[in-house]
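quick one: sequence and predicted model below, then my questions.
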Amino acid sequence: MQTSRAAAKGTTLYSMGGILLIAIAAVAALMTKPSLESFDQHLNTELRSEVAKALQTKQQDGGVVGLVMRLGCTVDVDACVRLLRSQMQVDEKDLVVARYVRVLTRQEEKNCLGAFNTWFCTGFNDR
């Protein structure tokens, strides 16, 4: 009988430790949930990187619009990023311990989850 009581008590302590660990992780996630402003900075940095990559490879697709974009982006990268951002719809959902952001363009979407001061995103995928 003594053994089963000790085993039950050990299981209870183990369960309480797990619950405490989960609670600590939830509080840490809540306190480090990134803001929407930090997502804007993250997206702008990513777009700037994509623009630089496109300019380096000198992609020839896109016809007249592609040519205008290449010329405009070469002259003013910030204006190019602003133009790209103006064509995107950003939907944000505030979760209790994280933040979910969905970025939509005409043909693509990107999903991001922000937690612990970091953004975890998929690439742009076809809708």
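In hand now; what should we look at? Residues are numbered from 1 along each chain as shown.

quick check, residue 15 in a helix?
Yes: Residue 15 forms part of a helix when assessed by DSSP: H, G, I helix; E, B strand; the rest coil.

for it, grab the count of nearby residues.
Counted with other CB atoms under 10 Å, residues neighbouring residue 15 total 10. Just so you know, the C-beta spots here come from the backbone N, C-alpha and C atoms, and that holds for glycine as well.

which residue ranges of the protein form helices?
Ranges of helices within the chain are 2-31, 36-57, 63-75, 77-86, based on DSSP state H.

wait, doesn't residue 79 sit right on residue 72?
Yes: taking CB atoms under 8 Å as the definition, residue 79 is a contact partner of residue 72 at 6.6 Å.

give me the pLDDT value at residue 111.
On the pLDDT scale, residue 111 is placed at 96.

likewise residue 105?
Residue-level pLDDT assigned to residue 105 equals 89.

for it, give me its contacts.
Contacts for residue 105 (CB atoms under 8 Å, 6 or more residues apart in numbering) come out as 87-89, 124.

looking at these, which is nearest residue 25?
Relative to residue 25, the closest of those is residue 124; by CB to CB it sits at 30.6 Å.

quick check: closest non-adjacent residue to that closest one.
Spatially, and ignoring its direct neighbours in sequence, residue 124 is nearest to residue 108 (4.1 Å; CB to CB, 6 or more residues apart in numbering).

and the one you found, what does it touch?
Counting by CB under 8 Å, 6+ apart, the residues that residue 108 touches are 124-127.

poorly predicted segments of the chain, please.
1-14, 58-69 (pLDDT under 70).

could you list the domains of the chain?
Listed by automatic domain parsing, the domain ranges of the chain are 1-31, 33-126.

among those domains, which is the most enclosed?
Mean neighbours per residue, mean count of other CB atoms under 10 Å, is largest over the domains of the chain for domain 33-126, with a mean of 13.

for that one, what is the distance to the chain centroid?
Its chain's C-alpha centre and that of domain 33-126 lie 11 Å apart, by CA atoms, centre = their mean, to the nearest Å.

kindly report the same for stretch 26-46.
That offset, for stretch 26-46, works out to 8 Å (CA atoms, centre = their mean).
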